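J.: Take a look and give me a structure for this.
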Amino acid sequence: MGTVSQLHERVRQPAHRIQSEEEALDIARSLAAGFAQQASDRDINRVLPYDEIEMLSQSGLLGISVPSEHGGIDISNSVLTEVVAVLAEADPSIAQIAQAHFHVLEAVRIGGSDEQKASHFERAIIGDRFSGVFEQIDVKGPEQDDLRLTQVGLGYRLNGRSFHSPSILFSDWIAIFVRDERDGVFVSVLPRSADGIQIIDDWDGFGQRTSGNGTTILHNVYLNAGAVLAHSEKFRERNVIDAVDQLTHAGINLGIARSAMAATIDFISSHDNPGADGDAKRTVSDPVIVARIGEIAVRIEAATAVVERAGSKIDAAQINLTEAHVIDAALSVAAAQTMTAEIAMETANTLFDLAGASAARIGLNLDRHWRNARIHTLYDPARRKYTMVGDYHLNGIKPPMR
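T.: Sure thing, here's the model as predicted:
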């Protein structure tokens, strides 16, 4: 049984204003060092990271994707994704909160009016958090979303339920992505406190346990003209909203892989390996283990390079939004997603392959790396990406617009 989430109104001081990509990375690393200290305890006891999320808001990191003309640093997508990866290495649940936030800001950049951009981007710069209700149209059964949009005069009414809204418990503002009567994407941005919005803390997944996912129930929520992004028709055209979303998801995969790798090295460096003859041998001297660690390290480095390349492709598409640039970015992001998903799972499995049964004790909670990797990589599985890329190269079928 879930509980209704009550996020009390807080008086929040304006966030720090970050001036450069280098400063953003430094701040992310500093925050991550603190977030990592209690990450295992938060996971095993499902303690939601409210204090840590306030620190994230105050740090200024939530404003780094804001375009320079609106007071941000217009960060490159490869650095934005590295920021997410750094946070994910410490605690992937916290990184998911930032990832969902950046997704919404990209939608505002594409579809918002000048006035809407100015308002929402300023909110992000001062530390407000955005999350989204994303209608899932490919899910069937009892957890199928049933969002319904009805036009009423110059405005709209929205009703229904959305399951597993990402990081919704920590939001100040909620972007609602729903299909309109013409099957186009309709996006509105509302304050969390708007009448008719009910958020239930009912996430019970075995991984990403403290990411603040929940169910959103909408009771006759009124959307006036100002709440609806003015240029929603742009969502019918090819854009890079999904590419930014998926690349930052890849950043979380990458962070999980790095964290599992660090846990593996830490464990085997402090434990001897019992041999068949009964003699304990230094694990770090075992050539099989040494080679396997090297192999994983190389693959993580390769995945990092692919993420950086995909980020540069998105940068190019944002500057020159042509179909060719958007497709090029989508294909590169697909490569980043598949490589990071596979290395996250491989590294989490390797931890136990190398460390053995003694690493499986509940008190160590090392299984959180596998649980986080497994549940996070269920999003947009790699097999779909291989099919999409194969269809493009073999049959000339363009990546789908979502």
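
J.: Find me the pLDDT at Val139, would you?
T.: Looking at Val139, its pLDDT reads 49.

J.: try the one 10 residues further on
T.: Reading off the per-residue confidence, Leu149 sits at a pLDDT of 88.

J.: If it is in a bridge, with which residues?
T.: Beta-bridge pairing of Leu149 under DSSP bridges involves Leu158.

J.: Please tell me how far it sits from Phe130.
T.: With distances taken as C-beta to C-beta, to the nearest Å, Leu149 is found 20 Å from Phe130. Placement of C-beta: from N, CA and C, glycine included.

J.: ok, the two, which is more surrounded?
T.: When neighbours are counted by other C-beta atoms under 10 Å, Leu149 and Phe130 differ, and Phe130 comes out ahead with 25 against 20.

J.: got a list of what that one touches?
T.: Phe130 makes contact with 100-101, 104-105, 120, 123-124, 171-175, 189 under the criterion C-beta atoms under 8 Å, 6 or more residues apart in numbering.

J.: mind redoing it with 6 Å?
T.: Shown in contact with Phe130 (C-beta atoms under 6 Å, 6 or more residues apart in numbering): His101, Val104, Trp173.

J.: which stretches of the stretch 151-300 of the chain form helices?
T.: Assigned by DSSP state H, counting those that start in this stretch, the stretch 151-300 of the chain shows helices spanning 241-269, 287-319.

J.: Can you tell me what sits against stretch 259-273?
T.: 89, 280-281, 283-284, 286, 296, 347-348, 351, 354-355, 359, 366, 369.

J.: Any of those residues buried? List them.
T.: Glu89, Thr283, Asp286, Ile296, Thr347, Ala348, Leu351, Leu354, Ala355, Ala359, Leu366, His369 (16 or more other C-beta atoms under 10 Å).

J.: and the gap between the last one and Asn253?
T.: So that's His369. For His369 relative to Asn253 (C-beta to C-beta), the value is 12 Å.

J.: Over to Thr322?
T.: Using C-beta to C-beta, Thr322 is found at 28 Å from Asn253.

J.: again with Leu87
T.: 13 Å.

J.: can you pick the most crowded of the contacts of Phe130?
T.: His101 (29 neighbours).

J.: That one: which element?
T.: helix 92-111 (DSSP states H and E).

J.: Please identify the most buried of the helices of the stretch 151-300 of the chain.
T.: For these, the largest average neighbour count (mean count of other C-beta atoms under 10 Å) is found in helix 241-269, namely a mean of 25.

J.: as a whole number, average confidence for it?
T.: The average pLDDT within helix 241-269 is 97.

J.: still on that earlier bit, of the buried ones among the contacts of stretch 259-273, closest to Glu233?
T.: Nearest to Glu233 out of the buried ones among the contacts of stretch 259-273 is Glu89 (C-beta to C-beta; 39.2 Å).

J.: Per the annotation, how does this structure divide into domains?
T.: What automatic domain parsing lists as the domains of the chain is 14-129, 134-232, 237-395.

J.: The nearest residue to Val290 once chain neighbours are set aside and Ser119, how far apart?
T.: Distance criterion C-beta to C-beta, 6 or more residues apart in numbering; nearest residue to Val290, sequence neighbours excluded, is Val284 at 7.2 Å. From Val284 over to Ser119 the distance is 55 Å, taken as C-beta to C-beta.

J.: Check Val187 too.
T.: Distance check for Val187 against Ser119: by C-beta to C-beta, it reads 15 Å.

J.: Next: Leu147.
T.: For Leu147, the distance to Ser119 - C-beta to C-beta - is 24 Å.

J.: who has more neighbours, these two?
T.: Using other C-beta under 10 Å, the more surrounded residue of Leu147 and Ser119 is Leu147, with 21 against 15.

J.: mind listing what His231 touches?
T.: Going by C-beta under 6 Å, 6+ apart, His231 touches Gly111.

J.: Could you rerun that using 10 Å?
T.: Ile110, Gly111, Gly112, Ser113, Gln116, Val187 (C-beta atoms under 10 Å, 6 or more residues apart in numbering).

J.: Poorly predicted segments of the stretch 201-350 of the chain, please.
T.: Low-confidence segments of the stretch 201-350 of the chain (pLDDT under 70): 273-282.

J.: what bits of the stretch 51-200 of the chain have low per-residue confidence?
T.: Residues of the stretch 51-200 of the chain that meet the cut-off, pLDDT under 70, sit at 136-145, 181-184.

J.: now with 90?
T.: 74, 134-151, 153-155, 162-164, 178-186 (pLDDT under 90).

J.: quick one: the strands in it?
T.: Assigned by DSSP state E, counting those that start in this stretch, the strands in the stretch 51-200 of the chain fall at 130-134, 148-152, 155-165, 173-179, 185-191, 197-201.

J.: Out of the ones you listed, which one sits most buried?
T.: Of the strands of the stretch 51-200 of the chain, strand 130-134 is the most buried (mean count of other C-beta under 10 Å), at a mean of 25.

J.: just the angle between that one and strand 173-179, please?
T.: Calculated by axes from the mean of the first three to the mean of the last three C-alpha atoms, to 10 degrees, strand 130-134 forms an angle of 20 degrees with strand 173-179.

J.: Each with direction, which strands does strand 130-134 pair with?
T.: Sheet pairing of strand 130-134 (DSSP bridges) gives strand 173-179 (parallel).
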